[in-house]
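Peer 1: Return a 3D structure for these sequence lines:
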Amino acid sequence: MQSFQPLELHGQAIAGGKFPLVCTPLVGRTLDALMLELATVLPKQPDVLEWRVDFFEAIGDTAAVITAAQVIKQAAGNIPVLFTRRSTIEGGEKIAIDEAQVIAMYTAVCERKCIDLIDYEMANDAANIVRVRTAAKANDIKLVLSYHNFSSTPNLETLATKFLAAEQLGADVAKVAVMPRDPDDVLTLLAATRQASKKLRIPLISVSMGSYGALTRLFGWAFGSSLTFAVGASSSAPGQVPIEDLNAVLAIVRKSMADH
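Peer 2: Numbers count the residues shown, from 1 in each chain. The predicted structure follows:
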């Protein structure tokens, strides 16, 4: 089987090069809610935590965001933290700050080094992508450049272009998440993942969402997706499965593939 690229931090593969990594979202709206989530999620031993800060009610207070990030980071121990403000255009929550304030928040969080990876959408202004990339690189934080489509699955060529664009824009990881309308769309996403895994020099993450797309959360790694999302406490996107179920399936599939 082809050896895919694992996600790395500080020159070391996350979780010893485990493939795929399992990431669970944190979507608490307050620090207390986040602490309760962590108490539920951490015993389930995810490989990565994603803090969806667009759910955080105090997102407009950068000091509060940094404090929460530090609390999460301390509680997480050796588990890396991915920091994400998902825009409303790409399925995120409405927030009370504008993009300039988001960039300022991103920069501050990078400078305080209270996260390990940071996600920013490729659809954003090119100058803002440069700002986020610069802040991340200066502080040894990995940049995930992402594309989300909650209405449909573009064709294979378009998806291939999205993966490539992330690399060209200086991402450390390329992420593409799309919504299927039928099983054929799921196959398109998997084909694009397989194609990109052979061409890109960086790791990639791919997701087909919803009920049809749930298959990609279980088997997408076999086509080259280095990370999959699972529910630890609360879901952050349609089609996420409980981490216990995901781990059970991964164990079965890995064993079956190793046996052949």
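Peer 1: going forward, measure contacts and count neighbours with C-alpha atoms only.
Peer 2: Noted.
Peer 1: ranges for the strands of the stretch 151-260 of the chain?
Peer 2: 173-178, 204-208, 227-231, 241-242 (DSSP state E, counting those that start in this stretch).
Peer 1: Just say which of those is most tucked in.
Peer 2: strand 204-208 (a mean of 28; mean count of other C-alpha atoms under 10 Å).
Peer 1: Just put the strands of the stretch 151-260 of the chain in JSON lines and tack on distance to I59 and mean pLDDT.
Peer 2: Listed next are the strands of the stretch 151-260 of the chain as JSON lines, based on distance: least, C-alpha to C-alpha, whole Å; pLDDT from 0 to 100:
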{"stretch": "strand 173-178", "distance to I59": "24", "mean pLDDT": "98"}
{"stretch": "strand 204-208", "distance to I59": "26", "mean pLDDT": "96"}
{"stretch": "strand 227-231", "distance to I59": "23", "mean pLDDT": "90"}
{"stretch": "strand 241-242", "distance to I59": "27", "mean pLDDT": "82"}
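Peer 1: and the ones you listed as CSV, adding distance to R85?
Peer 2: Formatted as CSV, these follow (distance: least, C-alpha to C-alpha, whole Å):
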stretch, distance to R85
strand 173-178, 14
strand 204-208, 17
strand 227-231, 16
strand 241-242, 22
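Peer 1: out of those, which comes closest to S197?
Peer 2: strand 204-208 (7.1 Å; C-alpha to C-alpha).
Peer 1: any chance you could read off phi and psi for I115?
Peer 2: phi -140, psi 170 (degrees, to the nearest 10).
Peer 1: That one and V81 touch, don't they?
Peer 2: Yes: between I115 and V81 there is a contact at 5.3 Å, judged by C-alpha atoms under 8 Å.
Peer 1: Mutual contacts of the two, please.
Peer 2: K73 (C-alpha atoms under 8 Å, 6 or more residues apart in numbering).
Peer 1: Surely T107 is in a helix?
Peer 2: Yes: counting by DSSP: H, G, I helix; E, B strand; the rest coil, T107 is part of a helix.
Peer 1: From A96, how far off is it?
Peer 2: Distance, T107 to A96, by C-alpha to C-alpha, to the nearest Å: 18 Å.
Peer 1: One more: L189?
Peer 2: Going from L189 to A96 by C-alpha to C-alpha gives 33 Å.
Peer 1: These two: who's more crowded?
Peer 2: Comparing L189 with A96 by other C-alpha atoms under 10 Å, the one with more neighbours is L189, at 29 against 12.
Peer 1: What does the pLDDT read for the more buried one?
Peer 2: We have a pLDDT of 98 for L189.
Peer 1: Who does the closest residue to it other than its chain neighbours form a beta bridge with?
Peer 2: Leaving aside its sequence neighbours, L189 sits nearest to S208 (C-alpha to C-alpha, 6 or more residues apart in numbering; 6.7 Å). Beta-bridge pairing for S208 (DSSP bridges): V178.
Peer 1: list the contacts for S208?
Peer 2: 177-180, 186, 189, 214, 216-217 are the contacts of S208 under C-alpha under 8 Å, 6+ apart.
Peer 1: one more time with 6 Å
Peer 2: Counting by C-alpha atoms under 6 Å, 6 or more residues apart in numbering, S208 makes contact with 177-179, 216.
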